[in-house]
Each structure stands twice: as structure tokens, then as C-alpha cells.
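Enquirer: for reference, the sequence and a predicted model appear below.
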Amino acid sequence: MDTEERRSAPTAGGARIPRQSLWVEEPAVRRRMPDPVRTAAVRAVLVISLTIIQAMVALLSTMTGSWLAFPMMLSSVGSTVVATWAVLDVWVTRQVWNQRNGVVSVPSSSARKLRRERRAARRAARTAEREAARIRRRGASSLSRAGARAPVRS
């Protein structure tokens, strides 16, 4: 009996065995980076990897005594400066994105505290407005009822 026959054959109780899926979706632990930050990060990774390759070529050409050692060493130093700049670009891009699109929501976030205070002020204003409207309605209806019941003396 091959695998397909075993899968399609009923078990001793007559029920089929459910197939287990190979791929299980799991929720992401962290959110995805914003697009500009991700672009800067990819650029930084590419620049850093090229810098490492240049440094390795410079080292190997130095060990073999090749004429390429000195130019590769100079370009490795330049690439190190560019790689440092690329990493700083990721950091700056992330900070700018956070400033333009909201503060990262952490318990000590000042933006969250301000939002909470604004929400409480709006809630208090709505409650006061409802209370004033209720008092006006009640006052107007009690005046009309009182005027209808009280005899008018002339």
C-alpha cells in the first residue's frame, strides 16, 4: 500500500485522518519597518557587504604581494566612511519618520499622555453639554407644566 492509498483509505473506525498542513501562519512579533527606513537599511546592508568584500580583497592581495593591494586599501578606507554614512542614514531616516508620523507607542510616550488628556477634556465637554441640554429641557417642561396648572389671577 503506497502513501496515497493509505491517505484515502478509511481507518478502523471508518473516519478519514485529517491532513495536516505543511505551512502554518504565525503572527509577526514585530511590525514591519516603514518603507523609507527599510530602503535605507537595505542600502546600508549592501554598502557594508561591499566594504567587507573590498577589505577581504585588500587583505588577500596584500598577503600575495599584488600591485592591487594599495588601491584596494584606499578604496576600503573610503568605503568604510560611506558605510558609516549609510548606517547613520538609517538612524536619521528612522528618527525623521517617527517625528513626522507619530511617536512610537511606548508606555512613557508623551504623545499618548497628551492624547489621553485631550480625550478626557472632550469627554468632559460633551458631558457638560449634555447636562446643560438636559437641564434646559427639564426647566422648560417644568415651567410649561407649572404655568398650565397654576390659576391665573387678574
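Expert: Received, thanks. Numbers count the residues shown, from 1 in each chain.
Enquirer: regarding the most centrally placed residue in the chain, what is its secondary structure?
Expert: With distances taken as Cα atoms, centre = their mean, the residue of the chain nearest its centroid is residue 31 (4.3 Å). The three-state label given to residue 31 by DSSP: H, G, I helix; E, B strand; the rest coil is coil.
Enquirer: so how far is residue 95 from it?
Expert: Plainly put, residue 31 is 17 Å away from residue 95 if you go by Cβ to Cβ, to the nearest Å. Heads up, the C-betas are built off the backbone N, CA and C, glycines and all.
Enquirer: from the middle of its chain, how far away would the longest helix along the chain be?
Expert: Assignment by DSSP state H gives helix 110-149 as the longest helix of the chain. Centre-to-centre, helix 110-149 and its host chain are 38 Å apart (Cα atoms, centre = their mean, to the nearest Å).
Enquirer: that one: which residues count as buried?
Expert: By 16 or more other Cβ atoms under 10 Å, helix 110-149 has no buried positions at all.
Enquirer: stretch 85-101 now?
Expert: Under the neighbour-count criterion of 16+ other Cβ under 10 Å, stretch 85-101 has 86, 89, 90, 93, 94, 97 buried.
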